[in-house]
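*Asks:* Build me a structure from this.
(one chain, ligands or ions: 2)
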Amino acid sequence: MASPKSAAFSVSAVRYLPRDPVIAVKILFASSEAAPLIKTGGLADVAGSLPRTLHDQGDDVRLVLPAYPGVLKQVSSATLVAELQVPAHGGPVRVLTAQAKVLPLPLYLIEAPGLFDRPGNPYVGEDGNDYPDNAQRFAAFCHAIVALALGQADSWRPDVVHCNDWQTGLVPALLSKEWQRPATVFTIHNLAYQGQFDRATFDALQLPADLWSPDGLEFYGQFAFIKGGVAFADMINTVSPTYAAEICRPELGYGLDGLLRYRSDRLVGILNGIDNQVWDPAGDSHLPAHYDGTDLTGKTKCKAALQTRLGLPNAPNSVLFGHIGRLVPQKGVDLIIDILPTLMAQPGTQLVVLGSGDANLEAALRTATREYPDRVAAHIGYDEGLAHLMEAGSDVFLMPSRFEPCGLNQMYSLRYGTVPVVHKTGGLADTVVDASSRALLDGSATGFVFDHPDSDGLWWAVDRALELRRRPSVWWEKLVRSCMRQDNGWHVSAERYRELYRFALDNPAAAPIPEIHKKP
Ligand code: ADP
Ligand code: GLC
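*Replies:* Residues are numbered from 1 along each chain as shown. Ligands and ions are numbered 1, 2, ... in the order given. You can find the predicted model right below:
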């Protein structure tokens, strides 16, 4: 077995030829959500579109999800293939195969009475708090994935298991104990969410006792699901090159930067792609009118429809700012609220916000709508159709995230000709080119990028956007068209994932790793 340090990996440099071109790599893609079946955020967008792209391009890929009621409603011919007994779960865990018209690739659904048969948000109960048994729920999910990975639940046996985020983090740890196992890839979509529980929970889950160690699942006296992926996966990746570098530093490493630095030869950043069919201004079924880079008339109609829908006066010449996102500190919506008086002091500006989350931020947005009833509108809640209309109808999209592993909305904005204003972090830095005079002239500019995630930083960028709007309209139109020329579809990144799978197969990690990631 290769030592963990022997595997220098550079995604851009490595071009693998399949060892046997006839036999394709079989991939089991594991996620706790996948659009359009079940979605709370960008993980679902990726888990819906990446495996689907691989499947459409001929790869043998299957997606495994928990069998939430909302998912079961959308599938046909669900068939029981295995009934498993997993540690620490009283009842049986059932593995079903299924097909979904809205997500056409082979699906496995994990049904566990009492665990996943709850409507609504997959992680949070009606009281707005995380379910108290999330550790039990996702441990059972992980055990079922392991059974599939080892060919114990179905005759199809994957070569690679691709795990995503903490909910699947135990899988690489459990598989590391097997002599004959598939390769494991672990994708970090957001290191801030770690699946942390206490020691008693670790004990209650009846996990192998030796996994309670700083080299294993222990995390400063707590138990963290995500460490199973970060410490044990053959390859780790995150969803943009810049974020891959950022998480190796203490500021954004959330206590895992030491371990990530140690494993840096197995850590890469692969930029997310977007689903160019679902997010397409020329054919989007959520829009009242369609448009493309050659004719933007439809965009003007979408703006009017958005204003009407949110109760703002139709003002074709306003500069309409939009923001969509979970209302959490990460996304920096408080910075938008901070600059609101200055923004509203500019004639002809409007703001629309779609999101839900933190009660204080929700209240602050409601207050803003009362203060500026003709200029500011907020829809508190989750609304997929409105998200599409906002991408199309806004002029400028605000994304002042304090950190952003990748971010999808700025890429949707580019495609819809809605100029993004972004903080230079993570995937935002990797996807938006600042509109410096030079970049505007040479046509490479695609938005406004600011360095400091505070209200001054955001205002500096917003002010530059307003200044460009005041210039002859050819300048703004040139910028909009250069946004719309960007192609962030999956074709490039899907190929990089294929290289990653191949590399993980050829370079199994030796586990466990030394204790060097302990706090200095
Ligand atoms: P994150 O995954 O951190 O929330 P991303 O930018 O990667 O951020 O993806 C967020 C996804 O969730 C996008 O598809 C966005 O449109 C969608 N989204 C977020 N909040 C809402 C909402 N309130 N209503 C509809 N869609 C939303
Ligand atoms: C996470 C990140 C977001 C990323 C998404 C999909 O939720 O916060 O930046 O785009 O996952 O990878």
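*Asks:* Does at least one residue of stretch 195-204 sit close to ligand 2?
*Replies:* No. Between stretch 195-204 and ligand 2, judged by CB under 6 Å from any ligand atom, nothing touches; the nearest distance is 14.0 Å. No exception for glycine: its C-beta is placed from N, CA and C like everyone else's.
*Asks:* Which positions within that stretch qualify as buried?
*Replies:* For stretch 195-204, a neighbour-count test (16 or more other CB atoms under 10 Å) marks 195-197, 201-202 as buried.
*Asks:* Filter these down to just the ones in helices.
*Replies:* 201-202 (DSSP state H).
*Asks:* List just the nearest of the buried residues of stretch 195-204 to ligand 2.
*Replies:* Of all the buried residues of stretch 195-204, residue 195 has the smallest distance to ligand 2: 14.0 Å, by CB to the nearest ligand atom.
*Asks:* in terms of contact, does the closest one touch residue 168 like I think?
*Replies:* No. Using CB atoms under 8 Å, residue 195 is not in contact with residue 168; the gap is 9.5 Å.
*Asks:* shared neighbours, those two?
*Replies:* Residues touching both residue 195 and residue 168 (CB atoms under 8 Å, 6 or more residues apart in numbering) are residue 138.
*Asks:* Is it possible to get the buried residues of stretch 195-204 out as a markdown table so that each row also shows pLDDT and distance to residue 365?
*Replies:* Formatted as a markdown table, these follow (pLDDT from 0 to 100; distance: CB to CB, whole Å):
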| residue | pLDDT | distance to residue 365 |
| --- | --- | --- |
| 195 | 98 | 29 |
| 196 | 98 | 29 |
| 197 | 98 | 33 |
| 201 | 98 | 36 |
| 202 | 98 | 39 |
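*Asks:* and which of the buried residues of stretch 195-204 is nearest to residue 41?
*Replies:* Looking at these and their distance to residue 41, the nearest is residue 195, at 15.5 Å (CB to CB).
*Asks:* The closest one and residue 201, how far apart?
*Replies:* 10 Å (CB to CB, to the nearest Å).
*Asks:* Next, show the common contact partners of those two.
*Replies:* Residues touching both residue 195 and residue 201 (CB under 8 Å, 6+ apart) are residue 135.
*Asks:* Now do the same for residue 278: helix, strand or coil?
*Replies:* Look at residue 278: counting by DSSP: H, G, I helix; E, B strand; the rest coil, its state is coil.
*Asks:* Same check on residue 476?
*Replies:* Looking at residue 476 with three-state DSSP, the answer is helix.
*Asks:* what's the burial count for it?
*Replies:* 17 (other CB atoms under 10 Å).
*Asks:* Tell me which residues touch residue 376, please.
*Replies:* So residue 376 contacts 340, 344, 350-353, 368-369 (CB under 8 Å, 6+ apart).
*Asks:* element containing residue 52, please.
*Replies:* In the assignment (DSSP states H and E), residue 52 maps to helix 42-56.
*Asks:* immediately after that helix, which helix or strand?
*Replies:* In N-to-C order, the element after helix 42-56 by DSSP H and E is strand 60-66.
*Asks:* Can you tell me which residues in this protein are near ligand 1?
*Replies:* 41-43, 45, 324-326, 354-356, 382-384, 387, 406-409.
*Asks:* and if we set it to 5 Å?
*Replies:* 41-42, 45, 324, 326, 354-355, 382-383, 387, 407-409 (CB under 5 Å from any ligand atom).
*Asks:* who wins for most neighbours among the residues you listed?
*Replies:* For those, neighbours were counted using other CB under 10 Å, and residue 407 has the most, 30 neighbours in all.
*Asks:* Not counting its neighbours along the chain, what's nearest that residue?
*Replies:* If the residues on either side of it in the chain are set aside, residue 407 comes closest to residue 427, at 4.8 Å by CB to CB, 6 or more residues apart in numbering.
*Asks:* Name the residues linked to residue 325 by a beta bridge.
*Replies:* Per DSSP bridges, the residues bridged to residue 325 are residue 355.
*Asks:* Can you tell me the number of residues neighbouring it?
*Replies:* For residue 325, using other CB under 10 Å, the count is 23.
*Asks:* Give me the local confidence score for the residue nearest to residue 158 when sequence neighbours are not counted.
*Replies:* In space, and not counting its chain neighbours, residue 158 is closest to residue 28: 3.9 Å by CB to CB, 6+ apart. Confidence at residue 28, expressed as pLDDT, is 98.
*Asks:* Phi first, then psi, for residue 28.
*Replies:* Main-chain torsions, residue 28, degrees, to the nearest 10: phi -100, psi 120.
*Asks:* which residues does it bridge with?
*Replies:* residue 62, residue 161.
*Asks:* The stretch 101-250 of the chain: helices as residue ranges?
*Replies:* Using DSSP state H, counting those that start in this stretch, the helices found in the stretch 101-250 of the chain span residues 134-149, 170-175, 199-204, 225-232, 241-246, 250-253.
*Asks:* How about the contacts made by residue 74?
*Replies:* Counting by CB under 8 Å, 6+ apart, residue 74 makes contact with 36-37, 100-102.
*Asks:* rerun at 7 Å
*Replies:* 37, 100, 102 (CB atoms under 7 Å, 6 or more residues apart in numbering).
*Asks:* List the ones among those that fall in strands.
*Replies:* The strands, defined by DSSP state E, take in residue 100 from the contacts of residue 74.
*Asks:* got a winner among the contacts of residue 74 for most neighbours?
*Replies:* Among the contacts of residue 74, residue 37 has more neighbours than the rest - 24 neighbours, counting by other CB under 10 Å.
*Asks:* just checking, that one touches residue 101?
*Replies:* No. In this structure, residue 37 is not within contact of residue 101 by CB atoms under 7 Å, at 10.6 Å.
*Asks:* Compute the distance from the centre of stretch 74-81 to the centre of its chain.
*Replies:* 27 Å (CA atoms, centre = their mean, to the nearest Å).
*Asks:* buried sites along that stretch?
*Replies:* By neighbour count on 16+ other CB under 10 Å, the buried set for stretch 74-81 is 75, 78.
*Asks:* pLDDT of it, averaged?
*Replies:* pLDDT averaged over stretch 74-81 gives 95.
*Asks:* same question, stretch 88-97
*Replies:* 93.
*Asks:* how long is it from one end to the other?
*Replies:* Using CA to CA, to the nearest Å, the end-to-end distance of stretch 88-97 comes to 24 Å.
*Asks:* Now do residue 502 against ligand 1, distance only.
*Replies:* 26 Å (CB to the nearest ligand atom, to the nearest Å).
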